[in-house]
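> this is the structure alone, sequence omitted:
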């Protein structure tokens, strides 16, 4: 069985893989060679190097493992017509993103921006206002896999977690869950408002000035979902007027955030350049998902973790 | 019953206290008036405004509640001779310190120093090396109340915790606990080494160059105990030579850290000016400890939380 990686994992990750599956032949290559593609039964790819022509050449291909959450760039119809099985690494961003969210929250509560700035100036000054996370209330917009992981850790910090989703159906690691229609009512209780919402017709422009008006003036707003959740002009205005205490942004309406955006220079804004899911352990993590699936595949199973219906796109 | 506070809690903290104990007469004053002191049965103080003369004046005093962990500045013998009961707020630093330690760890893992620096330069750059906390191993030197709280939260982040104390006796929230004599052997396993050790004859200069030599070159060393755990010259040298990846320091041999210290300017050092226990909720937290004790005292109980043997000093 030929397994073709169109990227090159580090030696220390490659070696255990080869040892664990002595019956497989692994080819690791940056980019695609037609000759190898023709013989491969399994393709492991970031999902950006395929087209209809390549699928036609890949005569023996039975399974594509996409080491990425996005599959938009794959030739869906050609893959579906051939009945090629597709799975991906859904959930791979869960832990790094949750850790980034917690890092930003704790940094603000425990004065790290001031501590770093003072060190840069060579200044010893103990008079920084430090607050605490424990005992706070966090509202999580979109308590899916990542939001629940954030909720799980927040609860360990003794934070009360409120989830808000479309139906109000209970989500794990939320002390309470409410439906989106009741959002305004619950925003006022939150010390931290975290959005993990994707961009859909329903979420675009979901937050308006009114939402920020009901939030506590000490509230921290964090957008780690998609930038079109709130108009940047509204966000800028409510922050200038200090309707809330701070915003931590990882996503923007336009990325990179344009140089002229006033958000860059605001004291009460943290600009994270859409990298909260990044991790040096990405490939390691992908292989952790791939290996048990490969084991099953070799045993003849055809129901793997994170199976994708390529025509539906998820 | 007269209860004399020699500091002034905020109005929003004072009011519920007065309401909860209508049978008591509260006096709140910055500093001590002899007239009031003479009548007070209970004194609530930070422990720095008493001397033998004041104890002599305080004829009716039965209980001193010290809203601080330190009692070194109190006239111990005079208090003991009079049989005045003393209790304090031991443990009050547990949560804020644990949150500071976690803030610093997550900040380094998730690239916050670079994110902040880039924002200051108006730079959008996603190529920051981000790592993850989950799956790491942390070694905690001195897993007491604060160290165990750190361990509890680290375990929620799926970190393996190793405690090292004088006897090797098992401590809570540690996956393993070892005795100090075996420290060198276990240091090599740790991604994060956190010291919460107090300054005693046994801990002064405990860490030597050899200890840093056995640590991983990717290790983070955090000193939140006392500055004399390791000679600053040794620490500076091992950091210059990059025997470890980073040090986060909250305590120093001399405080403030002298301006000429090379530590200030090192990229792989975070200088926190001994404030990791600070919190704007300090008084609130003190009252949370005081109130149940006062309730018990009024009911005639004389075994309160955090009783102090003033002659022993703890």
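Everything's here; your move. What you see is a predicted model; the values in this text were computed from it and never measured.
> please count neighbours and contacts with C-alpha atoms only from this point.
Noted.
> show me which residues of the stretch 101-250 of chain A are close to chain B?
Where the stretch 101-250 of chain A comes near chain B, counting by Cα under 8 Å from any Cα of the partner chain, the residues are A:102-104, A:106-107, A:110, A:112-113, A:115-116, A:119-120, A:122, A:124-126, A:129-134, A:153, A:156-157.
> contact partners for residue A:7?
Applying Cα atoms under 8 Å, 6 or more residues apart in numbering or on different chains to residue A:7 gives the contacts A:28-31, A:44-46.
> state the number of residues packed around residue A:188.
Using other Cα atoms under 10 Å in any protein chain shown, residue A:188 has 18 other residues around it.
> now the phi/psi pair for it, please.
Torsion angles at residue A:188 (phi, psi; degrees, to the nearest 10) stand at phi -70, psi -20.
> what about the nearest residue to it once chain neighbours are set aside, distance to residue A:190?
Spatial nearest neighbour of residue A:188, chain neighbours left out: residue A:215 (4.6 Å); criterion: Cα to Cα, 6 or more residues apart in numbering or on different chains. Between residue A:215 and residue A:190 the computed distance is 7 Å (Cα to Cα, to the nearest Å).
> same question, residue A:68
Relative to residue A:190, residue A:68 is positioned 33 Å away (Cα to Cα).
> likewise residue A:103?
Distance, residue A:103 to residue A:190, by Cα to Cα: 18 Å.
> domain assignment for chain A?
With domains defined by automatic domain parsing, chain A comprises A:2-92+A:280-298, A:94-271.
> so for the longest one, mean pLDDT?
Looking at domain A:94-271 alone, the average pLDDT works out to 97.
> hmm, back to that, ok, the residue nearest to residue A:188 to residue A:228 distance?
Note on residue A:215: its distance to residue A:228, by Cα to Cα, is 19 Å.
> any idea which element the closest residue to residue A:269 other than its chain neighbours lies in?
Closest residue to residue A:269 apart from its sequence neighbours, by Cα to Cα, 6+ apart: residue A:247 at 4.8 Å. Counting by DSSP states H and E, the element that carries residue A:247 is strand A:246-249.
> and for the helix or strand that that strand is followed by, what's in contact with it?
Scanning forward in sequence from strand A:246-249 by DSSP H and E, the next helix or strand is strand A:269-271. With Cα under 8 Å, 6+ apart as the test, strand A:269-271 has contacts from A:239, A:246-250, A:263-264, B:115-116, B:119.
> now do stretch A:157-167
By Cα under 8 Å, 6+ apart, stretch A:157-167 touches A:133-143, A:151, A:154-155, A:170-171, A:173-181, A:183, B:153.
> surely residue A:230 and residue A:202 touch.
No. Under the criterion of Cα atoms under 8 Å, residue A:230 lies out of contact with residue A:202, with a separation of 11.9 Å.
> tell me which of those two has more neighbours.
residue A:230 (19 against 11).
> once you drop chain neighbours, what's closest to the more buried one?
That would be residue A:205: by Cα to Cα, 6+ apart, it lies 4.7 Å from residue A:230.
> counting neighbours, what do you get for the one you found?
When counting by other Cα under 10 Å, one arrives at 15 neighbours for residue A:205.
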